[in-house]
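Visitor: no sequence for this one, just the structure:
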């Protein structure tokens, strides 16, 4: 799903958070590279939502990131913003 990963990156750069969310949900069902890219998106979304004052939305995004790619969980746990959610 390399084309979908590119699409995800483009939407994210354009600030199209809702469209990016749907693409990331689709991409997470691909291979390991797809899962990591999807987890990165949900991680960025969690940080964005937390900084915007949406704690519940941040928790949801962080949970999906952790579920999407077990290999990415250590990155999540190292992020000080994500540690605030625990």
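Guide: Cool, got the structure. Treat the numbers as computed from the prediction; the structure is a model and nothing was measured.

Visitor: going forward, measure contacts and count neighbours with C-alpha atoms only.
Guide: Fine.

Visitor: quick one, what contacts residue 81?
Guide: 47, 50 (CA atoms under 8 Å, 6 or more residues apart in numbering).

Visitor: how much space between it and residue 48?
Guide: 10 Å (CA to CA, to the nearest Å).

Visitor: Need the contact partners of stretch 61-69.
Guide: In contact with stretch 61-69 (CA under 8 Å, 6+ apart) are residues 28, 32, 35-36, 38-43, 45-46, 72-73, 76, 82.

Visitor: Could you rerun that using 7 Å?
Guide: Stretch 61-69 has contacts (CA atoms under 7 Å, 6 or more residues apart in numbering) with 28, 35-36, 39, 42-43, 45-46, 72-73.

Visitor: for stretch 15-24, same thing?
Guide: The contact list for stretch 15-24 (CA under 7 Å, 6+ apart) reads 8, 11-12, 38, 41.

Visitor: Mind checking the pLDDT average for it?
Guide: Average pLDDT, stretch 15-24: 86.

Visitor: One more: stretch 53-68?
Guide: On average, stretch 53-68 scores 95.

Visitor: Next, format the contacts of stretch 61-69 as JSON lines and append pLDDT, neighbour count and distance to residue 59.
Guide: As requested, the contacts of stretch 61-69 are exported to JSON lines (pLDDT from 0 to 100; neighbours: other CA atoms under 10 Å; distance: CA to CA, whole Å):
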{"residue": "28", "pLDDT": "92", "neighbour count": "23", "distance to residue 59": "18"}
{"residue": "35", "pLDDT": "92", "neighbour count": "25", "distance to residue 59": "19"}
{"residue": "36", "pLDDT": "92", "neighbour count": "22", "distance to residue 59": "18"}
{"residue": "39", "pLDDT": "94", "neighbour count": "31", "distance to residue 59": "13"}
{"residue": "42", "pLDDT": "94", "neighbour count": "25", "distance to residue 59": "10"}
{"residue": "43", "pLDDT": "95", "neighbour count": "27", "distance to residue 59": "10"}
{"residue": "45", "pLDDT": "93", "neighbour count": "23", "distance to residue 59": "10"}
{"residue": "46", "pLDDT": "94", "neighbour count": "27", "distance to residue 59": "7"}
{"residue": "72", "pLDDT": "92", "neighbour count": "19", "distance to residue 59": "16"}
{"residue": "73", "pLDDT": "90", "neighbour count": "18", "distance to residue 59": "14"}
